[in-house]
Structure formats: C-alpha cells, structure tokens
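Undergrad: let me see the structure of the following:
(2 chains)
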Amino acid sequence: AQSVTQPDIHITVSEGASLELRCNYSYGATPYLFWYVQSPGQGLQLLLKYFSGDTLVQGIKGFEAEFKRSQSSFNLRKPSVHWSDAAEYFCAVGAARSTDKLIFGTGTRLQVFP
Amino acid sequence: GAVVSQHPSWVICKSGTSVKIECRSLDFQATTMFWYRQFPKQSLMLMATSNEGSKATYEQGVEKDKFLINHASLTLSTLTVTSAHPEDSSFYICSARDLEGLSYNEQFFGPGTRLTVL
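TA: Take a look at the predicted model:
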C-alpha cells in the first residue's frame, strides 16, 4: 500500500538550533517526493521536491532534504531555525507519471522558541 | 508564476444552504485541479480530481451529489457544497497542475477556504 509516515507529530526547537523532520514512504514505483509548509489558516507552499538525480535537494528558505532509497526516507533539514519557520510541515509522495494523486503524511507541527 | 487563488477565503452559512467555492489558476492553464479537505490539526484528504471539460473523479467515501465539482475552463474549477450541514465545516484547499509544467506531478496550491456551517 502507498503511504507516507511522518513519525513526529510535534517538534519544538530553539531559534538557531538545527532541525530535522522525518519522512518515510512506502511506494511501489519510483517516487516523486515533496515537502510542503503550511502556516495557520493558509494553503500549502512547496519547499522542495525530488524527482531524480542528486539525492540532496535544496529548497527555499534554507531547507534541504535528502532522498535515501535504501531507507525509503526523505528527511527535511535546516541548519539554523528561525522563529518564522514555525508552521506545519507535510511530506508527500506521488507517482512518476501514471497518476496525478499526491499522498500526504499526517504532518509535523514545528514550534520555535526564542 | 504558478499562482492559484481561491474565493472566498472564508464563508459562514446557515445549515441547509449551498456554498460555492472558486479555484482559479491565475497565470497558467490547468487541465487538472484537485480539491482537498482538511480538518483541524490533520492532513489533507483528497476529495476529487477535476479535469477540464469532463466529470470529476471522486475519492471513495466522498458524496458526489453533495460536493459538486465543475471545471468549465482551463483556469477555473468550482466546488459547491450542497445543503451544507455543520459537519461540512472544514478548510477546503484546491490545487492545480500546470499544463506546460516541466514537473509532471507538481501541484500548486491555493490559500484555502474556511467554511463554517451554523
């Protein structure tokens, strides 16, 4: 079955600290992987995506993610968190071409303390 | 580029009335639009996939007679919640896929519509 797991429901970090949000997927074909961020009451903004090539992907706002096929993971990282990064983060997976559907994880809420 | 808008951003209605939500791709043509529903502190649940000029494809468990979707043009899809009830209160988000996009499966999301049914 196709699924995305975000093991951490809620993470709290201090401003300036490093961050890693976990994402594991189960997918039968070559996956397209995405990380989105959602601020309260807002839609989703794409942080970064992986389709192929270099497994370390750079995104906006200083975020990066690494695709590890052997671990079926696509973890999101940031070396130094800012207070404005507090939001909900969603990992999603989709097929290469056979379907347009995205499967979303349950999300990780990030709280940042000054 | 790749901006998607939704209107209204929030709506309050009485139980039994119908509400229409618009989703527009502002600077690109979208053959496919998607409608999601999000409950508080939960993930997005795909409701239906809307293709321009054809009937929408609904996910299992979604009532197509209650959630009417129309995709009449390459830049506009509408979701009408018919005979709304308090349990339909939710955050509705649309997304659109760029017809000419290099990334086949990339979707661009609207800002969402908060529906409250009294």
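Undergrad: tell me where chain A has strands.
TA: With strands called from DSSP state E, chain A shows them at A:3-5, A:10-14, A:19-21, A:24-26, A:32-38, A:44-50, A:56-58, A:64-68, A:73-78, A:87-94, A:102-104, A:108-113.
Undergrad: which of those has the lowest average pLDDT?
TA: Ranked by mean pLDDT, the strands of chain A bottom out at strand A:102-104, with a mean of 88.
Undergrad: ok so, going back, reformat the strands of chain A as a markdown table; add mean neighbour count and distance to chain B.
TA: (C-beta placed from N, C-alpha, C; glycine too.) Below are these laid out as a markdown table (neighbours: other Cβ atoms under 10 Å in any protein chain shown; distance: least, Cβ to the nearest Cβ, whole Å):
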| stretch | mean neighbour count | distance to chain B |
| --- | --- | --- |
| strand A:3-5 | 16 | 9 |
| strand A:10-14 | 13 | 10 |
| strand A:19-21 | 18 | 14 |
| strand A:24-26 | 16 | 14 |
| strand A:32-38 | 23 | 5 |
| strand A:44-50 | 20 | 4 |
| strand A:56-58 | 14 | 13 |
| strand A:64-68 | 18 | 15 |
| strand A:73-78 | 20 | 15 |
| strand A:87-94 | 24 | 4 |
| strand A:102-104 | 22 | 5 |
| strand A:108-113 | 16 | 8 |
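Undergrad: in a markdown table, list those along with distance to residue B:46.
TA: Below are the strands of chain A laid out as a markdown table (distance: least, Cβ to Cβ, whole Å):
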| stretch | distance to residue B:46 |
| --- | --- |
| strand A:3-5 | 13 |
| strand A:10-14 | 24 |
| strand A:19-21 | 22 |
| strand A:24-26 | 16 |
| strand A:32-38 | 14 |
| strand A:44-50 | 13 |
| strand A:56-58 | 24 |
| strand A:64-68 | 23 |
| strand A:73-78 | 20 |
| strand A:87-94 | 11 |
| strand A:102-104 | 8 |
| strand A:108-113 | 20 |
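Undergrad: closest to residue B:29 out of those strands?
TA: strand A:44-50 (19.0 Å; Cβ to Cβ).
Undergrad: quick check, central residue of chain A?
TA: residue A:35 (3.4 Å; Cα atoms, centre = their mean).
Undergrad: so who does the residue nearest to that residue when sequence neighbours are not counted touch?
TA: Using Cβ to Cβ, 6 or more residues apart in numbering or on different chains and skipping residues adjacent in sequence, the residue nearest residue A:35 is residue A:47, 4.4 Å away. By Cβ atoms under 8 Å, 6 or more residues apart in numbering or on different chains, the residues touching residue A:47 are A:35-37, A:59-61, A:63, A:65, A:76, A:89.
Undergrad: quick one: residue B:32 and residue B:54 touch, right?
TA: No - at 10.2 Å, residue B:32 does not count as touching residue B:54 under the criterion of Cβ atoms under 8 Å.
Undergrad: these two - which one has more neighbours?
TA: Remark: of residue B:32 and residue B:54, residue B:32 carries more neighbours, 19 against 9, as counted by other Cβ atoms under 10 Å in any protein chain shown.
Undergrad: show me what that one is bridged to.
TA: Residues in a beta bridge with residue B:32, per DSSP bridges, are residue B:51, residue B:97.
Undergrad: ditto for the one 5 residues further on
TA: Partner residues in beta bridges with residue B:37: residue B:45, residue B:92, with DSSP bridges as the criterion.
Undergrad: who's in contact with it?
TA: Taking Cβ under 8 Å, 6+ apart, we find residue B:37 in contact with B:44-45, B:47, B:90-93.
Undergrad: what's the most distant pair in these?
TA: Using Cβ to Cβ, the two most remote members of the contacts of residue B:37 are B:47 and B:91, lying 12.0 Å apart.
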